[in-house]
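Asks: the sequence and its predicted three-dimensional model are supplied below.
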Amino acid sequence: MTTTPVSSNVVWHQATVTRQRRELQNAHRGAIIWFTGLSGSGKSTLAHAVEEALHQKGCRTFVLDGDNVRHGLCGDLGFSDAGRVENIRRVGEVAKLFMEAGIIVLTAFISPYRADRERVRSMVKEGDFIEIYCDTPIEVCESRDVKGLYKKARAGQIKEFTGISSPYEAPEMPELALNTGTTDLQVCVNQVIDDLMRVGITG
Ligand SMILES: Nc1ncnc2c1ncn2[C@@H]1O[C@H](COP(=O)(O)OS(=O)(=O)O)[C@@H](OP(=O)(O)O)[C@H]1O
Ligand SMILES: Nc1ncnc2c1ncn2[C@@H]1O[C@H](COP(=O)(O)OP(=O)(O)O)[C@@H](O)[C@H]1O
């Protein structure tokens, strides 16, 4: 594998089927809906429930989920700082491709570092990146312990576990902050859909 950047010798090929034409055909905009929050905060559940609602409205959608992507595209990465940075970099690039294909892509990654999320935001036009903070206190996430990982982390069986032995930097100005600890799932879904309609991503 080469580590020399080749981008200076690679020329961008302009597609004739543009993002704009795809969006016209779809009758909605492409966008990146970026869910962030602790493990167990509700990212996957919410992303899939929002996708279901959008699909029923006739939108083209796709969910990129940390658990799934880490089995393939990011299967070589761990949970060190560097592993997480690279994970979010790759996911950001893939999400951008989906968006340019006219799709509403919903991502469900802890994405603990503010700078990494802001880097993805800066890769796209204003309004293309919607950050949604799944704001569930760690006590609630830990009591849910959907996958039994908090128990393992507390027992020292998982190193660098977010919220316990690895940091989580909450968004400062997310487009939406949802109280996914106490609010009913359907209420959260409606809040997301209302926001996507308000900003004109979907009708
Ligand atoms: N050390 C450690 N810290 C946090 N999470 C861990 C860890 N080890 C494994 N897992 C499981 O991996 C899922 C998080 O992967 P992500 O790709 O979203 O993480 S990150 O954004 O790169 O931080 C996460 O999924 P969710 O619970 O859906 O968030 C966990 O199931
Ligand atoms: N408002 C809500 N939004 C999302 N999940 C919720 C909500 N209220 C309760 N839950 C529950 O919390 C858990 C969240 O798990 P999960 O979606 O796997 O979280 P994450 O993907 O952030 O690790 C699920 O069991 C889900 O049913």
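Replies: Received it, and whenever you're ready, just let me know what you need. Ligands and ions are numbered 1, 2, ... in the order given.
Asks: going forward, measure contacts and count neighbours with C-alpha atoms only.
Replies: Noted.
Asks: what helix or strand does the residue positioned nearest the centre of the chain sit in?
Replies: With distances taken as Cα atoms, centre = their mean, the chain has residue 107 as the residue nearest its mean C-alpha position (2.6 Å). Here residue 107, judged by DSSP states H and E, is contained in strand 104-108.
Asks: what distance separates that strand from the centre of its chain?
Replies: Between the centre of strand 104-108 and the centre of its host chain there is 5 Å, according to Cα atoms, centre = their mean, to the nearest Å.
Asks: not counting it itself, show me its contacts.
Replies: Contacting residues not belonging to strand 104-108 are listed as 29-36, 43-44, 47, 51, 59-66, 95, 98-99 [Cα atoms under 8 Å, 6 or more residues apart in numbering].
Asks: the longest helix along the chain: which residues count as buried?
Replies: Counting by DSSP state H, the longest helix found in the chain is helix 81-100. Buried residues in helix 81-100, counted by 16 or more other Cα atoms under 10 Å: 84-92, 95-96, 98-100.
Asks: could I get those as CSV with distance to residue 201 and pLDDT?
Replies: Output for the buried residues of helix 81-100, formatted as CSV (distance: Cα to Cα, whole Å; pLDDT from 0 to 100):
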residue, distance to residue 201, pLDDT
84, 29, 98
85, 28, 98
86, 28, 98
87, 26, 98
88, 23, 98
89, 24, 98
90, 24, 98
91, 21, 98
92, 19, 98
95, 16, 98
96, 15, 98
98, 14, 98
99, 11, 98
100, 13, 98
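Asks: so can I have a markdown table of these showing distance to ligand 1?
Replies: Converted to a markdown table, the buried residues of helix 81-100 look like this (distance: Cα to the nearest ligand atom, whole Å):
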| residue | distance to ligand 1 |
| --- | --- |
| 84 | 4 |
| 85 | 7 |
| 86 | 8 |
| 87 | 5 |
| 88 | 6 |
| 89 | 10 |
| 90 | 10 |
| 91 | 9 |
| 92 | 11 |
| 95 | 14 |
| 96 | 17 |
| 98 | 18 |
| 99 | 20 |
| 100 | 22 |
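Asks: and of those, the nearest to residue 127?
Replies: Nearest to residue 127 among the buried residues of helix 81-100 is residue 99, at 12.0 Å by Cα to Cα.
Asks: what segments of the protein are helices?
Replies: Taking DSSP H as the criterion, the chain contains helices spanning 19-26, 43-56, 66-69, 81-100, 114-122, 138-144, 149-154, 185-198.
Asks: pipe those into CSV and attach distance to residue 9 per row.
Replies: What follows is these, written out as CSV (distance: least, Cα to Cα, whole Å):
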stretch, distance to residue 9
helix 19-26, 25
helix 43-56, 38
helix 66-69, 30
helix 81-100, 20
helix 114-122, 24
helix 138-144, 48
helix 149-154, 45
helix 185-198, 39
